[in-house]
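*Asks:* need a structure here:
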Amino acid sequence: MSVRPLSRQRGVAVVTALLLTTLAVTIVASLFWQQQVQVRSMENQRLHLQTRWVLRGALDWARLILQQEGRDSRDVTREDGVWATPLAETRLDQYLERERQNNESYDATLSGQIFDAQARYNLANLASANGMVDPAQLAVFRRLLANLQLNDAVAQAVADAVKRAYVATPPVVVPTPDGTGTGSGTGTGTGTGTGTGTGATGTATVTRGGSSSGSNAPIAPLRAEDLLAVAGVTQQAVERLREFVIVLPVGTRVNPNTAKAEVLAALFENMSVSEAQSLVVQRKRTPWTEGQPLKSAGGAGPTVPVAYRSDNFLVQSQVRLERAALETWSLIRRDPYDQGSRTTPVWIREL
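*Replies:* Okay, the predicted model is just below:
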């Protein structure tokens, strides 16, 4: 009769021991898991930090290329310049400190390309000096939409949105007797407008503010995707416009030496895209300059001023480091009054 209670006690002890063992194993496994998560988190932070430093080096490299190109070609920016040569995916494994210390092998690549921002139509040009829509620039944008087989009726709505959001003027140059010029701008609210320029190149720098007047003013468009806020603009239209338009902080002129045929044709009153394609072929042999300006086959010039030298560039960079990947777009502005020896990053966007 005394054996059953003893066996029951032994059974309870065995179950208790198993439960304690399971609990201990669970606790230890949880501690190891937490430690692994912390290690992985620190490793991810290190990888992302390394990718940002690599991208910073790539951006400095791009700035150096643009500086040298500005010194070598002060009057004209060609589409076949050194700056336009893309950087194919290049392995960076041998340059990383971790590779040399731990003798590991993992993927580390860098690729990128520089694009002329002034090869695209700048939507900021739609606002004129008096705070109204510039009719000549509106006509250019309307023709660009037609060349891209998009609804050109939305051009007025886009121009009105830019007019409401921006505070200053597109580039304006007033020649002076000594051959130089000054750019001027006006603004209200938080906006300011200042600028300087040269009569020879016809360029000016005008700063735009962030809102027009009052706290309820619409936010200024910053990229092509912001056009979705305009009535009548669809996602398909934005995707089509992405490579042909840009929104810059300052008014700029299109560079016909780098612009695509659709943008080039929009600069003229009556020019087809096929005719603009012939001009694209022509400029590869002889780019246009101030001495030999852009003209159509009939001898007519563009309806708006153009610039044969570009000082705004987009830099696309992509870094892959193991499982970390980072792609950025940067806007680099080259100082036109410093012989191209000074470049300034305007903004950097991560994708």
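
*Asks:* ok, so what distance separates Arg164 from Gln118?
*Replies:* Applying C-beta to C-beta, to the nearest Å, the value for Arg164 to Gln118 is 25 Å. Glycine gets a C-beta too; all of them are placed from N, C-alpha and C.

*Asks:* now this protein, which segments are flagged as low pLDDT?
*Replies:* 1-8, 93-106, 129, 166-220, 339-341 (pLDDT under 70).

*Asks:* ok, longest helix in it?
*Replies:* In terms of residue count, the longest helix belonging to the chain (DSSP state H) is helix 3-72.

*Asks:* Does anything pack onto that one? Which helices or strands?
*Replies:* Applying 3 or more C-beta pairs under 8 Å, 6 or more residues apart in numbering; DSSP states H and E, we find helix 3-72 packed against strand 108-116, strand 312-321, strand 324-334, strand 343-350.

*Asks:* Just name the most buried of those strands.
*Replies:* strand 312-321 (a mean of 22; mean count of other C-beta atoms under 10 Å).

*Asks:* how much space between Gln118 and Val250?
*Replies:* According to C-beta to C-beta, Gln118 stands 11 Å off from Val250.

*Asks:* err, Arg164, not the other one
*Replies:* Taking C-beta to C-beta, one finds Arg164 at 18 Å from Val250.

*Asks:* between those two, who's got more neighbours?
*Replies:* Higher neighbour count among Arg164 and Val250: Val250, with 24 against 15, using other C-beta atoms under 10 Å.

*Asks:* Surely the more buried one and Ala127 touch.
*Replies:* No: contact criterion C-beta atoms under 8 Å: Val250 and Ala127 do not qualify, at 11.6 Å.

*Asks:* residues contacting the nearest residue to Arg143 once chain neighbours are set aside?
*Replies:* Counting by C-beta to C-beta, 6 or more residues apart in numbering, Arg143 lies nearest to Ala266, which is 4.1 Å off, once chain neighbours are set aside. Residues near Ala266 by C-beta atoms under 8 Å, 6 or more residues apart in numbering: 121, 140-141, 143-144, 147.

*Asks:* what's the angle from the longest helix of the chain to strand 343-350?
*Replies:* 150 degrees (axes from the mean of the first three to the mean of the last three C-alpha atoms, to 10 degrees).

*Asks:* For the next helix or strand after helix 3-72, list every residue counted as buried.
*Replies:* From helix 3-72 onward toward the C-terminus, using DSSP states H and E, the following helix or strand is strand 87-91. Within strand 87-91, the residues that count as buried by 16 or more other C-beta atoms under 10 Å are Leu87.

*Asks:* Which strands and helices lie in contact with strand 87-91?
*Replies:* Against strand 87-91 (3+ C-beta pairs under 8 Å, 6+ apart) you get strand 108-116.

*Asks:* List the strands paired with the strand it packs on, with their directions.
*Replies:* Strand 108-116 sits in its sheet next to strand 87-91 (antiparallel), strand 312-321 (antiparallel), going by DSSP bridges.

*Asks:* For the helix or strand following it, which outside residues touch it?
*Replies:* Per DSSP H and E, strand 108-116 leads on to strand 121-122 as the next helix or strand towards the C-terminus. With contact meaning C-beta under 8 Å, 6+ apart, strand 121-122 is reached by 140-141, 144, 244-248, 251-252, 254, 263, 266.

*Asks:* Filter those down to the buried ones and hand me the ChimeraX line.
*Replies:* To isolate the buried ones among the contacts of strand 121-122 in ChimeraX, judged by 16+ other C-beta under 10 Å, type:
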select :140,141,144,244,245,246,247,248,251,252,254,263,266
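
*Asks:* How about the contacts made by Val280?
*Replies:* Val280 touches 260-261, 264, counting by C-beta under 8 Å, 6+ apart.
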